[in-house]
Structure formats: C-alpha cells, structure tokens
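1. Got a predicted structure here, sequence first:
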Amino acid sequence: MKNSIKVERAKKNITQAQLAELVKVSRQTINAIELGKYNLSTILALKIAHVFNQSVHDVFELEESDWES
Amino acid sequence: MKTNYLFPNRFKKIGWLLFIPGIILGIVYLIYQSDISLFNIKVFAIAEEAIFSDNTFFSVSENNILDEITSILLIIGALLIAFSKEKSEDEFISIIRLKSLVWATYVNYAILIFAIIFIYDMTFFWVLVFNMFTLLVFFLVRFNWALYKSKKQISDEE
C-alpha cells in the first residue's frame, strides 16, 4: 500500500510528531507507516485522512503487490 | 484497536521493583542454595516427594523458602514489566508486542528442545529451573530492542 502522508504533511506544514498527536498514536507509528513498514488499521487510516481533509483513497492507494497473498 | 489483558503503564515500575530483588535473591540462592536457615519455615504442601521417601499429600513440612520467594518475585516482576502498557501503547506497538512474543516462544522452546536432547540429569533440572523465567526474559529483550530500533529510526530521519 502506498501513501502520501509525507506530501500531505508538507502541504499542511505539520511534523510527524504533530500528526501523531492529532490521531493519538506514537511517533514511531507515523514514521513506520510513512516508510511503508506497517499496514495501519482502517480506523487510523480514516483518522489520518480526516486530519488532511481528504478521503482515504486520496491518501492511501493499493499497489499491485497487495493482491499477492 | 484496544490491546487487551495489559496492565496500566504505572505497573511497569512495580514490576522492576519486584524483578531486581528477585535477581539479587536468585544470585544469593545460586551461591548458598538452602543453607540460609532464616528461610526455613513450615509450609503446607499439597504434594511432596522427598528423596528416599514416599509421596505425601496435604501435609505440613519444613522447607527453605528462599527459592519460592525468588521465583515468585521473578515471575510476577517480569510479567508486570512485560505486560504493562507502554506510555504510548498503540496498534503499531501491539504488532511489535505480538511479533516479539511469538519470537520469544520459538527461541525459548528451541533452546529447551536442544537441552532435552543434549543435557541430562541434574544439569537438565537446572535448565528447567531457568526455563521458568526465560520465555519472559527473551520477550523483554526482543520487545525492547524492537521498540528501541523503531525509536532510533525516527532520530536517524531527523
């Protein structure tokens, strides 16, 4: 799964720590998501999209490899 | 996602306050074994089989309780340290927790299987004694190492 959190953060001019605070997770979590090392829960995806005033699809995108089991 | 069955964060400190004395008493026990008479008291035993005597059930007998105190301090201490919430326990940390627990269980039993095959008699008894605590210890080491790594990754990004 690809995501544009880093870009959206830049647009909104907030740091990983500030985003973490807004969606009530640790900073490691935001960092791991941005690096593609962790597939987040639906609830957290919805919260992050909400912070950026976007729909989930604008922030998160499926990749080909996600269809392989 | 709610992480179930975890203690509040403040219990971690209590865990250390039990675990560290447990380690100290453990070292004392390894050196003196049952020689410290201060710890000889009468205990109620559901089952007991002393060497060269028969099984007895529901009896009262004298026992050196240094090893009992040590084991309980180590187990409760390690449980509280391992299963108290982190300051910011969230879904990502839950995943690290689960992975670490699976890893620690595999490593613990791999070592035990190795010991079953290659270690015998009283030495194997001591392996079993240590094995009571190693699952939790392996988990603690692996979990905290993984947390440290993910924190370090953030500081490397800056």
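-> Sure thing, it's come through.

2. three-state assignment of B:K87?
-> When classified by DSSP: H, G, I helix; E, B strand; the rest coil, B:K87 comes out as coil.

3. Burial check on it, number of neighbours?
-> 8 (other Cβ atoms under 10 Å in any protein chain shown). For the C-beta atoms, the positions are set from N, CA and C on the backbone; glycine is no exception.

4. Same check on A:K11?
-> Residues near A:K11, counting by other Cβ under 10 Å: 11.

5. what sits against it?
-> Residues near A:K11 by Cβ atoms under 8 Å, 6 or more residues apart in numbering or on different chains: A:F52.

6. Show me where chain A has its strands.
-> Under the criterion DSSP state E, chain A contains strands at A:2-3, A:60-61.

7. any chance of the ones you listed in a markdown table, plus mean neighbour count and mean pLDDT?
-> Output for the strands of chain A, formatted as a markdown table (neighbours: other Cβ atoms under 10 Å in any protein chain shown; pLDDT from 0 to 100):
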| stretch | mean neighbour count | mean pLDDT |
| --- | --- | --- |
| strand A:2-3 | 14 | 92 |
| strand A:60-61 | 16 | 94 |
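
8. could those be laid out in TSV, adding distance to B:F130?
-> Conversion of those to TSV gives the following (distance: least, Cβ to Cβ, whole Å):
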stretch	distance to B:F130
strand A:2-3	45
strand A:60-61	46
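
9. So for chain B, which of these sits nearest?
-> Smallest distance to chain B across these (Cβ to the nearest Cβ): 14.2 Å, for strand A:2-3.

10. Can you report how many residues neighbour residue 5?
-> Let's take chain A. A:I5: 19 surrounding residues under other Cβ under 10 Å.

11. try chain B instead
-> 5.

12. out of everything not next to it in sequence, what's closest to it?
-> Spatial nearest neighbour of B:Y5, chain neighbours left out: B:F83 (7.0 Å); criterion: Cβ to Cβ, 6 or more residues apart in numbering or on different chains.

13. Serialize the strands of chain A to a markdown table and add fields for distance to chain B.
-> Below are the strands of chain A laid out as a markdown table (distance: least, Cβ to the nearest Cβ, whole Å):
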| stretch | distance to chain B |
| --- | --- |
| strand A:2-3 | 14 |
| strand A:60-61 | 15 |
